[in-house]
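In: okay, predicted coordinates and the sequence, questions at the end:
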Amino acid sequence: AADKIRLIPQDFLAELCEQIMQHLNHKIPGINTAELCQRIQTSGVDINIGDLAKIANTLSFLFSTAARNNLSTEELVTTLGSGVSTLPKHAVQVIRHVWNEQGKAIAVSEDAGNMATVGQFVDMKWKLGVAMSSDTCRSLKYPYVTVTLKVADPSGQITDKSFEMTIPQFKNFFRQFKEMASVLETV
């Protein structure tokens, strides 16, 4: 990650660090690395989403570990300088600034080390479609529902998960949601 962080311009790195801090403070459900990666690539930097996700995970680990150990800004910068693969100067400056501004605000609970291993729901989109024909059947007229769930994994990376359902599957899905809603009303 230290090699790839050199590629990211300072303003984008600052934005990534800000999003990570907001995620660690539970203000946003995750970091939209796909959107940020696209903007970085549009600016002319050759980086892929996998590398950006590794950088985000590394920075998230760095900030959460620094919070758990109650590190001051200077202690964090000194620790970064003593690493095996040294970070570029612009990255250290960004980390120093973000940590100095927001580091003390990270809510470190007693179980911060035991973070949940499940994702967090962010958004859902759906569409109804009809398959008109295929190479083996000229007249299908087969309705289906496509659902796309936007989920933040425990590290904060936001991903889309899409799936299709037949109408009977969708009716079962809907029935289960109605059951959940009625149970929630009793709580």
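Out: Nice, I can see it.
In: what helix or strand is the spatially closest residue to Arg96 that is not a sequence neighbour on?
Out: Distance criterion CB to CB, 6 or more residues apart in numbering; nearest residue to Arg96, sequence neighbours excluded, is Val77 at 5.3 Å. In this view, the C-beta of every residue, glycine as well, is placed from N, C-alpha and C. Assigned by DSSP states H and E, Val77 falls within helix 73-81.
In: next: Met165.
Out: strand 158-166.
In: mind listing what's buried in the helix or strand that comes right after that strand?
Out: Of the helices and strands lying after strand 158-166 in sequence (DSSP H and E), the nearest is helix 167-186. With burial defined by 16 or more other CB atoms under 10 Å, the residues of helix 167-186 counted as buried are Phe170.
In: for the residue of the chain most remote from its centre, phi and psi?
Out: In the chain, the residue that sits farthest from the middle, by CA atoms, centre = their mean, is Arg138; the gap is 42.2 Å. Per-residue torsions, Arg138: phi -80, psi -30 (degrees, to the nearest 10).
In: number the chain from 859, please
Out: I'll keep to 859 as the first residue from here, and by that count the last item is Arg996.
In: do you know how far it is from His948?
Out: Using CB to CB, to the nearest Å, Arg996 is found at 60 Å from His948.
In: break this protein into its domains for me.
Out: What the TED database lists as the domains of the chain is 859-963, 978-1043.
In: winner for burial among those domains?
Out: domain 859-963 (a mean of 16; mean count of other CB atoms under 10 Å).
In: quick one: the helices in this structure?
Out: Taking DSSP state H, the helices of the chain run over residues 860-863, 868-882, 891-900, 907-926, 931-939, 947-960, 1025-1044.
In: elements contacting the second one?
Out: Applying 3 or more CB pairs under 8 Å, 6 or more residues apart in numbering; DSSP states H and E, one finds that helix 868-882 contacts helix 891-900, helix 907-926, helix 947-960.
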